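*Asks:* Here's my sequence, what's the structure:
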Amino acid sequence: MASLDLALIGNGTIGALVDAGGSVVWCCFPRFDGDPAFCSLLAGDSPGDKPGTFSIELEGAVRTEQEYITDTPILVTRFYDKKDGGVEITDFCPRFERNGEMFCPGVLVRQVRPIGEKPSIRLRVEPAIDYGCTKRRHALGAGHISYAGPKALKLTTDAPVGTIVDGAPIQVRQTITLMFGLDDATGTGEDVTSEATTMLERTTAYWRNWTQSLDAPSEWRDAAIRGAITLQLHAYEATGAIIPATTTSIPEAPKTGRNWDYRYCWPRDAYFTADALARLGDIRTVERFLSFLLSVAEANKGRLVPIYSIDGRSIPNEHVAECLPGYRGMGPVRIGNKASEQAQNDLYGEAVLTAAPVFLSSDARGIPDEFVFRKLEAFGHHAVELYATPDAGLWELRGAERVHTYSSIMCWAACDRLASYASRLNLGDRAEYWRIHAASMHEVIAHRSWNATLNAFTATMEGDSLDASLLLMPRLGFLEATDPRFVGTVEAIEKHLKHGDFIYRYVERDDFGFPENAFLVCTFWYIEALAAMGGARREQARALFEKVLSARNRHGLLAEDLDTRTLEQWGNFPQTYCMAGIIDCAIALGK
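*Replies:* Numbering: from 1, shown residues only. All right, here's what the predicted structure looks like:
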């Protein structure tokens, strides 16, 4: 049965998920949002009967072990037989600087090294096309297998290609290399193992240099670094866009139909990723994402939409991949996302907040601050216009629109930060202009979203229900964590949204019924809020943080949702919201 006990490897162009048995169960080409060549993760209960498989099996295997190489996304899987012989598989995607640019081709490299005397393996490489509908037609060449399709793929290898196609045993006398990817990016085949070994060395060095450059908290350092690597793997190198997760349509809970495609760029989610990396000192990712945002907004007079493709264009209309049964057979498998059509007014706040490191960090490079500020003002004007108008909210509700407090606060944040940026640039008149708007908006929100009966802020203006995003008010600067109104809001959230130790985003019925599992980032927001409140609340936060960390899989990764009873992970994987939450909480609790 499929599970999310998976490891992610990638390089900023593609991402691949590898299961505990060493099979690549998900990988799209030519980029994150492409057609999955390997898709057994969503192939139901009998994935072996369908195309989309890339497996390496040791004959006579009795045990397996698997781990990342420290401070890298390079995965090592070892299979052992009864005599402690076997094979070691090293999986990675090349990423390193070459000729002054980042080299990250759409290529997956698998190296198989023998342990002991002449182990035998079987390889199954059957890439799919059209979301699992058909096995790609192949053709054999000298040292490679070509696979037909709109984007041709190729396996370059020093293993016997005919034996791979036949599925016959292969004796591993020395290292075997399998380099799979775009037809023009998988090497010459003349000495593929030597080429791959050099790539491995350079990729290892790149990731270790990058992680060493980060200012990670000493306590929970490994968890934070794994979080940072995972976030970086979701940043599309070609444009700077950031995606929320590698997968599509892992259900939020069993048989709920809450299956969504997360392989595109949400400005909201991307902000939380960029902000977490900035807190560790990675300003490059922030600058690249900000450039992406400004570029996509420029063509529309500063107006943003909820979702973009990773090249800045519109995403596909939401439709179903008919040939994939889904995770554990729990379809549908969706391509595209209908939420792209919604009104989500908070986007302008996240867009302006993304720029904070550019104005405040001494590490920012190469962006003219006043030029950026003038572009950001367009976001502020939209925020002023929209802060008290109905929208779908950050939870992208597909029913009736309401005036969501989180969206309103984010619009306020846009104006508040623009005032700060203007002050930093000594633009006194613009600072005053945005300060006046921010003050007016703050007064309206504080009045209309406060419910005296609940002694709490509510999910919507003049509302009577709660929403976990209210926990972000101190982080966004709307209220101090010790403000009695925020303390009352936290207590109300604990009373109404807390199940066991975990916080639900909301508990009211939506388009798909009542939520069944906890949307895990909400618990990270709760931990961060408790830490800011201080005192005994801080100790409570530390204990809860440790519990959430214990829910990670063996590789330190988290999906979007959690069954609060079994701690089983559900939802798209790995989820950047959650990996950013690990970083944010480690920093908050480490102060």
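
*Asks:* from here on, contacts and neighbour counts on C-alpha atoms
*Replies:* OK.

*Asks:* Can you tell me the SS state at Val87?
*Replies:* Under the three-state scheme (DSSP: H, G, I helix; E, B strand; the rest coil), Val87 adopts strand.

*Asks:* Distance-wise, check it relative to Ser120.
*Replies:* Note on Val87: its distance to Ser120, by C-alpha to C-alpha, to the nearest Å, is 9 Å.

*Asks:* higher neighbour count, these two?
*Replies:* A count of neighbours by other C-alpha atoms under 10 Å puts Val87 above the other of Val87 and Ser120, at 29 against 18.

*Asks:* Now that one: closest residue in space, sequence neighbours ignored.
*Replies:* Pro114 (4.5 Å; C-alpha to C-alpha, 6 or more residues apart in numbering).

*Asks:* Then Gly312?
*Replies:* Val296 (5.8 Å).

*Asks:* in what helix or strand does the one you found lie?
*Replies:* Per DSSP states H and E, Val296 falls inside helix 283-298.

*Asks:* follow-up on the earlier one: could you name every residue contacting both of Val87 and Ser120?
*Replies:* Taking C-alpha atoms under 8 Å, 6 or more residues apart in numbering as the contact rule, Val87 and Ser120 both touch Leu58.

*Asks:* downstream neighbour of the helix holding Val296 in the secondary structure list?
*Replies:* strand 319-320.

*Asks:* Any stretches of the stretch 451-591 of the chain with poor pLDDT?
*Replies:* For the stretch 451-591 of the chain, the stretches with pLDDT under 70 are 509-513, 591.

*Asks:* Show me the shaky parts of the stretch 201-350 of the chain.
*Replies:* For the stretch 201-350 of the chain, no stretch is flagged by pLDDT under 70.

*Asks:* In it, what residue spans correspond to strands?
*Replies:* Under the criterion DSSP state E, counting those that start in this stretch, the stretch 201-350 of the chain contains strands at 319-320, 334-335.

*Asks:* right, so those strands: which one is the most enclosed?
*Replies:* Stretch with highest mean neighbour count among the strands of the stretch 201-350 of the chain: strand 334-335 (a mean of 22; mean count of other C-alpha atoms under 10 Å).

*Asks:* Sheet partners, orientation included, of that strand?
*Replies:* Partner strands and pairing direction for strand 334-335 (DSSP bridges) are strand 319-320 (antiparallel).

*Asks:* Distance from the chain centre to the strand it pairs with, please.
*Replies:* Mean C-alpha position of strand 319-320 versus that of the full chain (C-alpha atoms, centre = their mean, to the nearest Å) differs by 22 Å.

*Asks:* again with stretch 375-386
*Replies:* Chain-centre distance of stretch 375-386: 27 Å, with C-alpha atoms, centre = their mean.

*Asks:* what does stretch 456-464 give?
*Replies:* 30 Å.

*Asks:* Could you do stretch 318-327 as well?
*Replies:* Its chain's C-alpha centre and that of stretch 318-327 lie 21 Å apart, by C-alpha atoms, centre = their mean.

*Asks:* Checking my notes, the residue nearest to Val87 in a strand, right?
*Replies:* Yes. Assessed by three-state DSSP, Pro114 belongs to a strand.

*Asks:* For burial, what's the neighbour tally of it?
*Replies:* 22.

*Asks:* Contacts only, for it.
*Replies:* Taking C-alpha under 8 Å, 6+ apart as the test, what Pro114 contacts is 85-88, 172-175.

*Asks:* Next, give me the two most distant ones among these.
*Replies:* Across these, the longest distance by C-alpha to C-alpha is 14.6 Å; it joins Gly85 and Thr175.

*Asks:* In terms of neighbours, single out the busier of the two.
*Replies:* Ranked by neighbour count (other C-alpha under 10 Å), Gly85 and Thr175 place Gly85 first, with 19 against 16.

*Asks:* returning to what we had before: when you compare pLDDT across the contacts of Pro114, which one is lowest?
*Replies:* Least confident by pLDDT among these: that is Gly85, with 90.

*Asks:* ok, that one - contacts?
*Replies:* By C-alpha under 8 Å, 6+ apart, the residues touching Gly85 are 114-117, 119.

*Asks:* Turn the residues you listed into a markdown table, including pLDDT and distance to Phe519.
*Replies:* Output for the contacts of Gly85, formatted as a markdown table (pLDDT from 0 to 100; distance: C-alpha to C-alpha, whole Å):
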| residue | pLDDT | distance to Phe519 |
| --- | --- | --- |
| Pro114 | 96 | 43 |
| Ile115 | 95 | 43 |
| Gly116 | 87 | 46 |
| Glu117 | 83 | 49 |
| Pro119 | 94 | 45 |
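
*Asks:* which parts of stretch 478-494 are buried?
*Replies:* Buried residues in stretch 478-494, counted by 16 or more other C-alpha atoms under 10 Å: 478-481, 485-494.

*Asks:* I meant to write stretch 53-68 there.
*Replies:* Residues of stretch 53-68 classed as buried: 53-61, 64, 66-68 (neighbour count, 16+ other C-alpha under 10 Å).

*Asks:* and what of stretch 329-343?
*Replies:* Neighbour-count burial for stretch 329-343 [16+ other C-alpha under 10 Å]: 329-340, 342-343.

*Asks:* which residues does the residue nearest to Gly312 contact?
*Replies:* Residues near Val296 by C-alpha under 8 Å, 6+ apart: 304, 312-313.
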